[in-house]
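Chemist: Have a look at this fold, sequence not included:
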């Protein structure tokens, strides 16, 4: 979904997603519980992802179904849709979409591969194969001071169509 609107709701939702990444689930849950007022499609997507990550998958299922039915006006990459499916535990669908994303040349997984939403598929051989195909590190640790230099310094591979 489009990622261009950056109002207070978007910032609050991104804070919630950051809380999830930092292991602050109670703080993330409080943000997810705030109802959205006239949300953009991007805000609906982010809220659905946040809700799924704090154990409330219904919104994520609805958004995923809307995208699959073509009921969403803005573009949603297969990798973004895979984020939702992975977060709600639909591993096979998430992996199918990630493979489609790479096959079709979007290859946007490199932007999100360390996100907590992919934890359910992180150890799956198909996910690891995608990371290897994109020349991304398969180590679960985040790049930083303790990561091998190859993990810190290797740029993502460009996908060819």
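Modeler: Noted; the coordinates are in hand. Computed from a predicted structure; not experimentally measured. Numbers count the residues shown, from 1 in each chain.
Chemist: any idea which helix or strand carries residue 86?
Modeler: Using DSSP states H and E, residue 86 maps to helix 78-87.
Chemist: Please read the previous query as pertaining to residue 34.
Modeler: Assigned by DSSP H and E, residue 34 belongs to no helix or strand.
Chemist: contacting residues for it?
Modeler: Counting by Cβ atoms under 8 Å, 6 or more residues apart in numbering, residue 34 touches residue 12. (C-beta placed from N, C-alpha, C; glycine too.)
Chemist: how near is it to residue 84?
Modeler: Here the criterion is Cβ to Cβ, to the nearest Å. By it, residue 34 lies 19 Å from residue 84.
Chemist: can you check residue 113 too?
Modeler: The gap separating residue 113 from residue 84 is 16 Å, by Cβ to Cβ.
Chemist: got it, and residue 104?
Modeler: 18 Å.
Chemist: Please say which of the two ends up with more neighbours.
Modeler: Between residue 104 and residue 84, counting by other Cβ atoms under 10 Å, residue 84 is the more crowded of the two (27 against 12).
Chemist: residue contacts, that one?
Modeler: Taking Cβ under 8 Å, 6+ apart, we find residue 84 in contact with 45, 48-49, 52, 60, 63-64, 117.
Chemist: Quick one: low-confidence residue ranges for the chain.
Modeler: By pLDDT under 70, the weakly predicted segments of the chain are 1-6, 140-161.
Chemist: Show me where it has its helices.
Modeler: For the chain, the helices defined by DSSP state H occupy 8-21, 25-32, 41-53, 58-69, 78-87, 91-103, 109-112, 125-133, 149-153.
Chemist: Nearest to residue 139, out of those?
Modeler: Closest to residue 139 of the helices of the chain, according to Cβ to Cβ: helix 149-153, at 6.0 Å.
Chemist: residues near residue 106, how many?
Modeler: Counted by other Cβ under 10 Å, the residues lying close to residue 106 total 16.
Chemist: Now it: closest residue in space, sequence neighbours ignored.
Modeler: In this structure, residue 106 finds its nearest non-sequential neighbour in residue 77, 5.2 Å apart by Cβ to Cβ, 6 or more residues apart in numbering.
Chemist: gap between that neighbour and residue 38?
Modeler: 25 Å.
Chemist: and what of residue 22?
Modeler: For residue 22, the distance to residue 38 (Cβ to Cβ) stands at 29 Å.
Chemist: Counting neighbours, go ahead and name the busier of these two.
Modeler: Taking other Cβ under 10 Å, residue 22 and residue 38 do not tie; residue 22 has more neighbours (11 against 6).
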